[in-house]
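Participant: what would the 3D arrangement of this be:
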Amino acid sequence: MLQDMKRRRFLQTIAAAPSAPAVLAAQQTAPPPAPAPVKILATGRGDVVAEPVPRFFTHVQFEALRKLSDLLVPAGNGAPGALDAGVPQFIDFLIGQSPADRKQLYRSGLDLLNEHAAKQFSKPFGALDAKEANSILRPLMVPVPWAYDPPKDLGSHFATTAHEDIRTATRNSREWAEASKAAGRRIAGPQLYWDEIDPIYKG
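Facilitator: Residues are numbered from 1 along each chain as shown. Alright, predicted model coming up:
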């Protein structure tokens, strides 16, 4: 009697449990879990992917600096201009780390250019075409007999300082060095430009 009961329980357990082949078949036919999606991050040079934004100057001041840089050191004869060399972005950083009086000179000078542009053409300096911008800039460009004796007039003082900074930054840039190398010109040390008497703006 006891053996019969044990046999019946064993048969019931076997009947209730799925067979090994059935379990194996279910595992083989079940679709594998989908792999997690792979996120691909685009990479690239920061100065190519994103447009640089001003950090020290306001947007209007920075656009005036861009226009000024393009006028003072344009590209030509195989040499990069100030915009090609990223000079406005460099000066934005440089002036942001400069003493207070130099910060004030740049801010006031750029504001002055924008004021003249608004008065004469009803738009900011950065939005002027080359002819309009030149008509504002030309009267400010005066001869400088000595580097440590800048003009007393704010506009001329700023134009003189900015011109020297923009020109020096351009000629010390990687872009200038690469263009010089490609043209077969030999570069020995930093390419600083200075004349004892510099009329600054000719033409």
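
Participant: check contacts around Phe57.
Facilitator: Leu65, Asp92, Ile95, Tyr106, Arg107, Leu110 (Cβ atoms under 8 Å, 6 or more residues apart in numbering). C-beta here means a position set from N, CA and C on the backbone, and glycine is covered the same way.

Participant: if we use 6 Å, what do you get?
Facilitator: Phe57 sits next to Asp92 when contact means Cβ atoms under 6 Å, 6 or more residues apart in numbering.

Participant: what is the burial count for Ser135?
Facilitator: Ser135: 14 surrounding residues under other Cβ atoms under 10 Å.

Participant: could you measure from it over to Phe90?
Facilitator: 27 Å (Cβ to Cβ, to the nearest Å).

Participant: what about the longest helix in the chain?
Facilitator: In the chain, assigned by DSSP state H, the helix with the most residues is helix 100-121.

Participant: quick one: contacts of that one?
Facilitator: Residues from elsewhere that reach helix 100-121 (Cβ under 6 Å, 6+ apart): Gln61, Ala64, Ile95, Pro124, Phe125, Leu128, Glu132, Ile136, Gly155, Phe158.

Participant: where in the protein is the helix or strand with the lowest mean pLDDT?
Facilitator: Ranked by mean pLDDT, DSSP states H and E, the weakest helix or strand in the chain is helix 46-49, scoring a mean of 42.

Participant: all helices of this structure, in order?
Facilitator: 2-16, 20-29, 46-49, 59-72, 87-96, 100-121, 130-137, 154-171, 174-182.

Participant: and those helices: which comes nearest Ala79?
Facilitator: helix 174-182 (5.7 Å; Cβ to Cβ).

Participant: in that closest one, what's buried?
Facilitator: Buried residues in helix 174-182, counting neighbours by 16 or more other Cβ atoms under 10 Å, are found at Glu175, Trp176, Ala177, Ala179, Ser180.

Participant: would you mind checking which of the residues you listed is nearest to Pro99?
Facilitator: For the buried residues of helix 174-182, the nearest to Pro99 is Trp176 (26.8 Å; Cβ to Cβ).

Participant: how about the contacts made by that closest one?
Facilitator: Taking Cβ under 6 Å, 6+ apart as the test, what Trp176 contacts is Pro80.
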